[in-house]
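Undergrad: coords please:
(one chain, ligands or ions: 2)
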Amino acid sequence: MGGFVDRRAAFSYLTAMAIRDILILPDPALRKVAKPLADIDDGVRALMDDMLETMYAAPGIGLAAPQIGIDKRLIVLDVSKTEEEDEKEPMVFVNPDIVWTSDETALYEEGCLSIPDYYEEVERPAACRVRYLDRGGDEREIDCESLLATCIQHEIDHLNGVLFIDHLSKLKRDRITKKFTKARKRAAA
Ligand code: GNR
Ligand code: NI
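TA: Ligands and ions are numbered 1, 2, ... in the order given. Modelled structure (predicted):
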């Protein structure tokens, strides 16, 4: 690899979208604090497209860049849950920041593509406001409630190395972490 230009990165504007591999607990990349994006160029827009394609293929309703091993503050979402191509509502958020959360909380049964086949109820603020950069690099704010509020908080947690199991009891978190650590060792053996 050393000395060679990454052809995919160099010519990303010419290449088709790609489904990326999703990292699974206890991958250490899921526990890092991701770095802000300095600017949004064609490479970043190609990455956004790959993340959306990866999310739809999984299928999931959200994906954060660290889940595909990219150490950047970038998330994609689509909470529309439709199979119809023309009804999809893909959303991308660069450097998202939660600037307000409601005192009222909501319980939602969460799952995570990085913790397959495990679901538990998590309590979070029922509503939030998020400041972010859009695909064109313009600063925006969005008010979120219900599933969008839950999902965007779940994704922003990923940017901070936080997983939904961190909101559960230590007993549950340790149990699921051990289970996935054993499975990973078995797969590597
Ligand atoms: O696909 C997903 N579903 C979901 C359900 C409830 C709360 C959060 C989520 S996000 C998850 C995809 C994922 O792991 N994103 O990081
Ligand atoms: Ni997740």
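Undergrad: for ligand 1, what are the nearby residues on the chain?
TA: 60-64, 67, 108, 110-114, 150-151, 154-155, 158 (CB under 6 Å from any ligand atom). Placement of C-beta: from N, CA and C, glycine included.
Undergrad: Now list the buried members of those.
TA: 60-64, 67, 108, 110, 112-114, 150-151, 154-155, 158 (16 or more other CB atoms under 10 Å).
Undergrad: Give me the most central residue, the protein.
TA: In the chain, the C-alpha closest to the average C-alpha coordinate belongs to residue 64, at a distance of 1.9 Å (CA atoms, centre = their mean).
Undergrad: dump the residue contacts of it.
TA: 34, 74, 75, 155, 156, 158, 159 (CB atoms under 8 Å, 6 or more residues apart in numbering).
Undergrad: again with residue 146
TA: Here residue 146 is in contact with 106, 126 (criterion: CB under 8 Å, 6+ apart).
Undergrad: repeat that with 6 Å
TA: Contacts for residue 146 (CB atoms under 6 Å, 6 or more residues apart in numbering) come out as none.
Undergrad: phi, psi of it?
TA: Residue 146 has phi and psi values of phi 50, psi -130 when expressed as degrees, to the nearest 10.
Undergrad: For residue 111, see how far away residue 57 is.
TA: Counting by CB to CB, to the nearest Å, the gap from residue 57 to residue 111 is 16 Å.
Undergrad: typo on my end, it should be residue 130
TA: Going from residue 130 to residue 111 by CB to CB gives 21 Å.
Undergrad: What of residue 142?
TA: Distance from residue 142 to residue 111, counting by CB to CB: 23 Å.
Undergrad: so which residue of the protein comes closest to ligand 1?
TA: Nearest residue of the chain to ligand 1, counting by CB to the nearest ligand atom: residue 60, 3.0 Å away.
Undergrad: hang on, isn't that residue packed against residue 113?
TA: Yes: look at residue 60 against residue 113 with CB atoms under 6 Å: they come within range, at 4.8 Å.
Undergrad: For the protein, which segments count as helices?
TA: Counting by DSSP state H, the chain has helices at residues 7-10, 42-57, 146-159, 170-188.
Undergrad: got the buried residues for the second one?
TA: In other words, helix 42-57. Going by 16+ other CB under 10 Å, helix 42-57 has these buried residues: 44, 46, 47, 48, 49, 50, 51, 52, 53, 54, 55, 56.
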